[in-house]
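Q: Sharing a model that was predicted from the sequence below.
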Amino acid sequence: MIRTRIAPSPTGEDIHIGNLYTAYINWVYAKKNGGTFIVRIEDTDRTRYVSGAEEKIHQSLKAYGIVPDEGVDIGGPFGPYRQSERLDIYKKYAEELISKGKAYYCTCTKERLDQVRKEMQAKKEIPKYDKYCLSRQDEVKKTIETGSNYVIRLNVPSDTEVVFEDVIRGKVAINTNNIDDQVLMKSDGYPTYHMAVVIDDHLMGISHVIRAEEWISSTPKHILLYQALEWELPIFAHLPILRNPDKSKLSKRKNPVWASWYVSEGFLPEAVLNYLSLMGWSHPEEKEIFSKEEFMRVFTLERIQPVGPVFDIKKLTWMNGQYIMQMQDEELAKQILDFYKDANFDKNIVERSVPLVKERMKTLKDYENIALFLFERPTVYELDFSDKKDTLRKIKERIDSIEDWEAATIGEEMQKVATKEQIPFSKFFMMLRVAISGKKITPPLNESMEILGKEECSARIYNLI
RNA sequence: GGCCCCAUAGUCUAGAGGCCUAGGACACCAGGUUCUCAUCCUGGCAACACGGGUUCGAAUCCCGUUGGGGUCACCA
């Protein structure tokens, strides 16, 4: 049975796009294998806890259609799915580890820890805890009984090669000399990530730990824990980290990173996911645009490349445009109406405008730039009409005389005016375009005029005379 | 800095020893279609980081160098 999970922390505004990527891969992998996808909230850091973040994460995942089978809202057989509600579980295993000699109490102060680290760095050694408390456990236990603060540390054996097989990278080996005696339980009674992740992944029956590459170097700690508790290892797959254009880890300083930002900018969730799926992975037939269902069909973890890809919003934008172009008109109208629900655009006009704007929009947000003039009269004009009033009058007269108000007729009649006035078509229509819309760049003019209606067009011209 | 991961055009990638004169996509440039823009079509620019091996033959395998990234918390 395949069981995958993502473990977001409610420490930001929303789910990070990199986590969304990880979530998508986990979700697809579980779904394609008839498995279960779990969302577990890792809220063990109460100092960085952001209230409301958890709800936001769930909302965003839902907006992208990544729906968990088990999680805080829906429950499941292995709950609770919020780590802050599992404290007694971690405590129990921490005690087991201590009784097995795999972990120990530590009462060192932050000052001493800093001091030790400093000294080691000065000696150019690897900065890590010196196991001072390990040798004096009886003494430490006594001070703890008097109420002093303590943590529980993993007792990392020296000079041992920890080896694991990563689905994406193959064999990875790290010597324990490079690993610190990781704190497992913090002084506030909460577990650290390393403790909680191992216990929960095991208890929740996670078969595949699919997470970002940044976790590779701490995986040996986790393996030590699995071994200490005599648990079977899950399969590990470390996904590449999405990068900024300067190749550093994708960060909010250099890129929009919140999943909901993309939605609010008018990107379609399916397009974002499609783009994300191309990060480190390619379709066996080199297709670029494909549905979730198709991705699910052909996806394999093995095909993921270990290189960290740069997140290119330009290509995402292009892809989003492709999705918009391929969308059914009715569906696009619905999406536009929904995206602009506050603007209260006239439904009929939106529906009629869709064929005109569809291949001009890259994002839903583009609609306003392109089609606003269909709803409001222009206030600024990208052309000066002061010496064109005569022609304008001719245009208005002709507009008023048209009986069959429909794009083709409008075009023909306007051409007649241009010919009569001896104005080249390109110049004439540019003038008319700006007179109607205020702008030099618009959707097809005749069709736009048809949508606006005869009276409105006539009025717009009249306003300029 | 130690450890770990990685290395095909500006970017995403195909490529698992001869099919490679290295293919596709985005971006960019030029041209065509067009009353603007967009779409669409045609063409173009542009890469196997470097050095050693192995082999009849290497973008593909091995080693080294260089470069990039990640990680070294009572954060995840």
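A: Thanks, I have it. From a predicted model like this one, the values you see are computed outputs, not experimental measurements. Residues are numbered from 1 along each chain as shown, chains lettered A, B, ... in the order given.

Q: so how many other residues sit close to A:K142?
A: A:K142 is flanked by 12 other residues according to other C-beta atoms under 10 Å. C-beta coordinates here come from the backbone N, C-alpha and C atoms, glycine included.

Q: Could you measure from it over to A:H238?
A: 43 Å (C-beta to C-beta, to the nearest Å).

Q: A:K249 too?
A: 14 Å.

Q: Name the residue in those two with the higher neighbour count.
A: Shown here are A:K249 and A:H238; by other C-beta under 10 Å, A:H238 has more neighbours (21 against 14).

Q: Are we agreed that the more buried one is in a strand?
A: Yes. Applying DSSP: H, G, I helix; E, B strand; the rest coil, one finds A:H238 inside a strand.

Q: which residues does A:L229 contact?
A: By C-beta atoms under 8 Å, 6 or more residues apart in numbering, the contact list for A:L229 reads A:93, A:96-97, A:198, A:202.

Q: if we take the residues you listed, which one ends up nearest to A:E213?
A: Distance from A:E213 was checked for each of these by C-beta to C-beta. The minimum falls on A:V198, at 18.7 Å.

Q: doesn't A:Q227 make contact with the closest one?
A: No. A:V198 sits out of contact with A:Q227 when judged by C-beta atoms under 8 Å, with a separation of 10.3 Å.

Q: neighbour-wise, which of the two wins?
A: Applying other C-beta under 10 Å to A:V198 and A:Q227 shows that A:V198 carries more neighbours, namely 25 against 12.

Q: host element of the more buried one?
A: Using DSSP states H and E, the element containing A:V198 is helix A:193-203.

Q: to the chain's geometric centre, what's the distance from that helix?
A: In terms of C-alpha atoms, centre = their mean, to the nearest Å, the centre of helix A:193-203 is found 24 Å from the chain centre.

Q: Which positions in that helix come out as buried?
A: A:193-202 (16 or more other C-beta atoms under 10 Å).

Q: got a list of what A:T442 touches?
A: A:370, A:373, A:433, A:436, A:448.

Q: Now render the buried residues of helix A:193-203 as a markdown table, adding pLDDT.
A: Converted to a markdown table, the buried residues of helix A:193-203 look like this (pLDDT from 0 to 100):
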| residue | pLDDT |
| --- | --- |
| A:Y193 | 98 |
| A:H194 | 98 |
| A:M195 | 98 |
| A:A196 | 98 |
| A:V197 | 98 |
| A:V198 | 98 |
| A:I199 | 98 |
| A:D200 | 98 |
| A:D201 | 98 |
| A:H202 | 98 |
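
Q: ok, back up a step: so which of the contacts of A:T442 comes closest to RNA strand B?
A: RNA strand B lies nearest to A:R433 out of those, by C-beta to the nearest atom of the strand, at 6.0 Å.

Q: neighbours around that closest one, how many?
A: Using other C-beta under 10 Å as the criterion, A:R433 is surrounded by 22 other residues.

Q: ditto for A:F78
A: Neighbours of A:F78 (other C-beta under 10 Å): 16.

Q: Pull the contacting residues for it.
A: The contact partners of A:F78, taken as C-beta under 8 Å, 6+ apart, are A:38, A:70, A:203-205.

Q: What does the pLDDT read for A:I402?
A: Looking at A:I402, its pLDDT is 94.

Q: if I look at it, how far off is RNA strand B?
A: Between A:I402 and RNA strand B the distance, using C-beta to the nearest atom of the strand, to the nearest Å, works out to 15 Å.

Q: For that residue, give me its contacts.
A: Listed by C-beta under 8 Å, 6+ apart, the contact set of A:I402 reads A:409-410, A:413, A:454.

Q: quick check, nearest of these to RNA strand B?
A: With C-beta to the nearest atom of the strand as the yardstick, the closest approach to RNA strand B among the contacts of A:I402 comes from A:I410, at 8.3 Å.

Q: State the phi and psi torsions of A:W258.
A: The phi/psi pair for A:W258 (degrees, to the nearest 10) reads phi -80, psi 130.

Q: Kind regards, and thank you for your time.
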